[in-house]
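*Asks:* predicted structure and sequence below. I'll ask about it afterward.
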Amino acid sequence: MKVAILDEDALKGVAFHDVLSYLTFRGWTVASSEPGFRTVLRTQRNGSEWEVVVPLDESLDDYAQAIGRIVQKVAEVEGVSELDVLRSVQAIGTDVIRVRAAHSSYSDGTIPLDFGTALFEASRAMLVAAALATDEPRAAYRGSRPKNVEEFLREARLGQTEHGSYVVTMRTRVPPSLFSPEQPSLDVDVSQPTPDTPFERQVTETLARALKATKDAIGLAAVTHSSQPFEDAVKNGVSANLLDSIVALTEHTGAVETDVELGWSPTRDPAIDLPTKIRFLGSESGTLKEASKILREREPDDNFELEGMVVGLEAEDQSAPHIITVRARVGNHLRKIRVKLNEEEYQLAADAHVKYYVVLCEGQLVREGRQYSLKSPRRFRIYNEEPPLPFYE
């Protein structure tokens, strides 16, 4: 079905540099150009010559009409709808991430409100996890986000939803590659992000690698019955946060399967050997949830708030380390956590142990094998009330 574009606001929002990029990448050549006024481009198709005039001033009163004429002509040349051309032009300078929730009842392009809200939230969480992994690969992320990640998220955009069950689109604008006339191409290895690759493109590449690594780890875990494949995949951008978002894409949206498709802006070549589509099934959620729990336990929590009962005192004399063991909640489970204190704090802990008082402390929670330790403890103190029931478990 061919659709004509009549919305002047939509046409006026099209940047002329995106039109120029789209046309040149589609094989149109510049016939003439008057800076600040217009550029004429031509192409040969099916034995005929076609010409368009691109205005270079977006403040012109007839700018929207001029863009409309270009869209109409290009649609005629390429044999597609004007809507297809408009969407392609708008996406020319962006990487596009499409998240498709598949269910037979979504085939009309609608989705229950709660499921739709969950789909948007899970898609955003997935992109956030990829941005954090681009900044620094870690097994899990907690607390505040780095400045460059926050800036990236402010610039990322939601696109129009699409049919095909129900599809959410996210776009990140990617600066184009520019080369010096004396150096029209660069001999580089594009299998990994290079130092000059913009952060926006690095995030999309990280997401592609991380999703593929997750899918591969699911298969390996089924054979080895081990979490090691997921732990090995952390270096490729896999994190507990990413796994949680994938689980939410199916469990919280009612989908039987979820596809994530990645489209690359043609203005900058992506790294090689990156997948463009990854599918996750609802039946894989159990494995992902278990792997997420393990990855969270593996990653140090720099601002852990310990609250629990003293169940062990290890210092036998003043020369020995002043170490206590506290039974406290980590996630959904009670764990024993070792804490090294100074002499004064140790005496407070000993008093709390005798009186069954709750102790409070902050620090970096680290898992060492099967044990937990609280590193760099600070603000150790006693909570002088009867302990809540969970500490008696």
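*Replies:* Received the coordinates, thanks.

*Asks:* Gln72 and Ala66, how far apart?
*Replies:* Going from Gln72 to Ala66 by CB to CB, to the nearest Å gives 11 Å. C-beta coordinates here come from the backbone N, C-alpha and C atoms, glycine included.

*Asks:* neighbour-wise, which of these two wins?
*Replies:* Comparing Gln72 with Ala66 by neighbour count (other CB atoms under 10 Å), the higher total belongs to Ala66, at 19 against 15.

*Asks:* can you give me the pLDDT of the more buried one?
*Replies:* Ala66 carries a pLDDT value of 93.

*Asks:* ok, now which ones touch it?
*Replies:* Going by CB atoms under 8 Å, 6 or more residues apart in numbering, Ala66 touches 53-55, 60.

*Asks:* cutoff 6 Å now
*Replies:* Residues in contact with Ala66 (CB atoms under 6 Å, 6 or more residues apart in numbering) are Pro55.

*Asks:* helix or strand: which one has it?
*Replies:* helix 63-78 (DSSP states H and E).

*Asks:* by mean pLDDT, which helix or strand of the chain comes out lowest?
*Replies:* Lowest on mean pLDDT, DSSP states H and E among the helices and strands of the chain sits strand 162-163, with a mean of 76.

*Asks:* pull the residues that contact that one.
*Replies:* Strand 162-163 has contacts (CB under 6 Å, 6+ apart) with Gly109.

*Asks:* tell me the mean pLDDT for the next helix or strand after it?
*Replies:* Next helix or strand after strand 162-163 toward the C-terminus (DSSP H and E): strand 166-173. Strand 166-173 shows a mean pLDDT of 94 in the predicted model.

*Asks:* strand 166-173: partners in the sheet, and parallel or antiparallel?
*Replies:* Partners of strand 166-173 in the sheet, by DSSP bridges, are strand 94-102 (antiparallel), strand 157-158 (antiparallel), strand 162-163 (antiparallel).

*Asks:* those strands: which one's closest to Thr276?
*Replies:* Of all these, strand 94-102 sits nearest to Thr276, with 10.1 Å by CB to CB.

*Asks:* same for the helix or strand following that closest one, what does it pack against?
*Replies:* Next along the chain after strand 94-102, taking DSSP H and E as the criterion, comes helix 113-135. Counting by 3 or more CB pairs under 6 Å, 6 or more residues apart in numbering; DSSP states H and E, the packing neighbours recorded for helix 113-135 are helix 147-155, strand 166-173, helix 199-224, helix 240-251.

*Asks:* what are the contacting residues of helix 113-135?
*Replies:* 99, 101, 141, 146, 149, 152, 168, 170, 202-203, 206-207, 237, 239, 241-242, 245, 248-249, 252-254.

*Asks:* drop anything exposed from the residues you listed.
*Replies:* 99, 101, 141, 149, 152, 168, 170, 202-203, 206-207, 237, 239, 241-242, 245, 248-249, 252-254 (16 or more other CB atoms under 10 Å).

*Asks:* any idea how far the spatially most central residue of the chain is from Ala91?
*Replies:* In the chain, the C-alpha nearest the mean C-alpha coordinate belongs to Leu127, at 1.9 Å (CA atoms, centre = their mean). Taking CB to CB as the measure, Leu127 falls 16 Å from Ala91.

*Asks:* grab the nearest non-local neighbour of Gly331.
*Replies:* Excluding the flanking residues, the one nearest Gly331 by CB to CB, 6 or more residues apart in numbering is Arg296, at 7.0 Å.

*Asks:* could you look up the SS state of that neighbour?
*Replies:* helix (DSSP: H, G, I helix; E, B strand; the rest coil).

*Asks:* rewinding a little: so of the helices and strands packed on helix 113-135, which one's packed in deepest?
*Replies:* helix 240-251 (a mean of 24; mean count of other CB atoms under 10 Å).

*Asks:* and the contacts of the helix or strand following it?
*Replies:* Downstream of helix 240-251, the first helix or strand assigned by DSSP H and E is strand 257-263. Strand 257-263 is contacted from outside by 96-102, 208, 211, 249-250, 276-281, using CB under 6 Å, 6+ apart.

*Asks:* first to last residue in stretch 96-111, what's the distance?
*Replies:* Terminal residues of stretch 96-111 lie 21 Å apart, using CA to CA, to the nearest Å.

*Asks:* now it: mean pLDDT?
*Replies:* Mean per-residue pLDDT for stretch 96-111: 90.

*Asks:* with stretch 200-217 instead?
*Replies:* Averaged over stretch 200-217, pLDDT sits at 97.

*Asks:* what about this structure, any weak spots by pLDDT?
*Replies:* Within the chain, the segments meeting pLDDT under 70 span 1-6, 179-195, 315-320, 384-393.

*Asks:* okay, now the domains of it?
*Replies:* 8-91, 94-175+196-298, 301-392 (automatic domain parsing).

*Asks:* deepest-packed of these, please.
*Replies:* Most buried of the domains of the chain, by mean neighbour count (mean count of other CB under 10 Å): domain 94-175+196-298, with a mean of 19.

*Asks:* and it, end to end?
*Replies:* Counting by CA to CA, you get 35 Å between the two ends of domain 94-175+196-298.
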